[in-house]
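[1] no sequence for this one, just the structure:
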C-alpha cells in the first residue's frame with residue numbers, strides 16, 4: 001500500500017511540473033506593461049491554481065479508491081466480516097506482533113440449505129447476516145471472526161496476555177489462569193445459548209432443524225492454521241451429527 005502511495009505522489013508531482021512548464025513560458029513572454037496582458041497573466045495563474053486543485057483532488061480520490069479496494073478484497077460483502085484472505089492477513093499480523101492465538105473455533109450452519117429450499121435465497125442471506133451478528137455478540141475484543149465459506153465461519157480466540165507479555169518489565173508472562181480449552185467450552189456455551197434464544201423467536205427456522213455446530217481446538221506452539229482447521233472441522237462435524245440425530249434429520 002505504501003508503494004502505491006509513493007507512485008501516486010511521483011505521478012502527481014510530475015503532472016504539476018508538466019503543467020507549470022506549459023504555463024510559465026506563456027506568462028514570462030507577456031509584456032507586463034500592458035494592462036490587458038496583465039489580466040491574461042492573472043487568468044493563466046488562476047487556471048494553473050485550478051488545475052493544481054484538480055490534481056490534488058484526483059490524487060486524494062485515487063488514494064481513497066485504493067483503500068476501499070483493499071478493504072473489499074479482505075472482507076465478505078454480505079456480512080462485512082473478514083473473508084479468508086483477510087483472515088490470512090490477520091494471522092500474519094498476529095505473528096508479527098507476537099500475538100499467538102489461543103484457540104480456533106469453526107462454526108457451521110446446520111441445515112442451512114433447508115432455509116434456501118423452503119424460504120428462498122434472500123432468507124438464506126438474512127440468516128447468514130443474523131448469525132454474523134450473533135457470533136459478533138459473543139466474541140471478545142481480541143478475537144477475530146471470519147466467514148470462510150457459504151455457511152462456515154472461523155473464530156480465532158486471541159491471546160489477551162500478549163501485550164502484557166511484551167510490556168512486562170521482568171519479561172515474564174502474566175497468565176490469566178484460564179486454560180484455553182476452558183475458553184473454548186465457554187465460547188461454545190455462549191453460542192449455544194444465543195442460538196437457542198434466536199430460534200425461540202424464529203420458530204420457522206427451528207422447525208427445519210436450523211442450528212449452529214461448533215468445533216474448537218487449542219492453538220499450541222508449532223501449530224498452523226490448516227492443520228488446526230482440519231481438527232476443528234472434525235470436532236464440528238461430530239457436533240453436527242449429534243444435532244442431526246437429535247432432530248431426526250440427516251443431510
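    Looks like it arrived, so ask away. For clarity, every value in this text was computed on a predicted model and none was experimentally measured.
[2] Tell me the pLDDT of residue 125.
    What the model reports for residue 125 is a pLDDT of 97.
[3] Outline the domain layout of the protein.
    Following automatic domain parsing, the chain resolves into domains at 2-74, 84-247.
[4] worst average pLDDT in the ones you listed?
    Here the lowest mean pLDDT among the domains of the chain goes to domain 2-74, at a mean of 64.
[5] residues in contact with the closest residue to residue 80 other than its chain neighbours?
    Distance criterion CB to CB, 6 or more residues apart in numbering; nearest residue to residue 80, sequence neighbours excluded, is residue 132 at 7.6 Å. Heads up, the C-betas are built off the backbone N, CA and C, glycines and all. Residues in contact with residue 132 (CB atoms under 8 Å, 6 or more residues apart in numbering) are 79-81, 145, 147, 153.
[6] picking up where we left off before, burial-wise, tell me which of the domains of the chain comes out on top.
    Compared across those, domain 84-247 shows the largest average neighbour count, a mean of 16 (mean count of other CB atoms under 10 Å).
[7] Would you mind measuring from residue 205 to residue 66?
    Separation of residue 205 from residue 66 (CB to CB, to the nearest Å): 40 Å.
[8] Ok, residue 112 next?
    Noted for residue 112: a distance of 35 Å to residue 66, by CB to CB.
[9] the strands in the stretch 101-250 of the chain, which residues?
    With DSSP state E, counting those that start in this stretch as the criterion, the stretch 101-250 of the chain has strands at 103-110, 144-147, 152-157, 211-218.
[10] Excluding chain neighbours, give the residue nearest to the residue nearest the centre of the chain in space.
    With distances taken as CA atoms, centre = their mean, the chain has residue 82 as the residue nearest its mean C-alpha position (3.1 Å). Closest residue to residue 82 in three dimensions, ignoring its sequence neighbours and counting by CB to CB, 6+ apart: residue 146, at 4.0 Å.
[11] Contact partners for the one you found?
    For residue 146, the contact set (CB under 8 Å, 6+ apart) comprises 76, 81-84, 86-87, 90, 153-156.
[12] Make CSV out of those residues and add distance to residue 210.
    Converted to CSV, those look like this (distance: CB to CB, whole Å):
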residue, distance to residue 210
76, 20
81, 20
82, 24
83, 23
84, 24
86, 26
87, 25
90, 29
153, 15
154, 20
155, 19
156, 25
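[13] quick one on the thing from earlier: show me the beta-bridge partners of the residue nearest to residue 82.
    residue 82, residue 154 (DSSP bridges).
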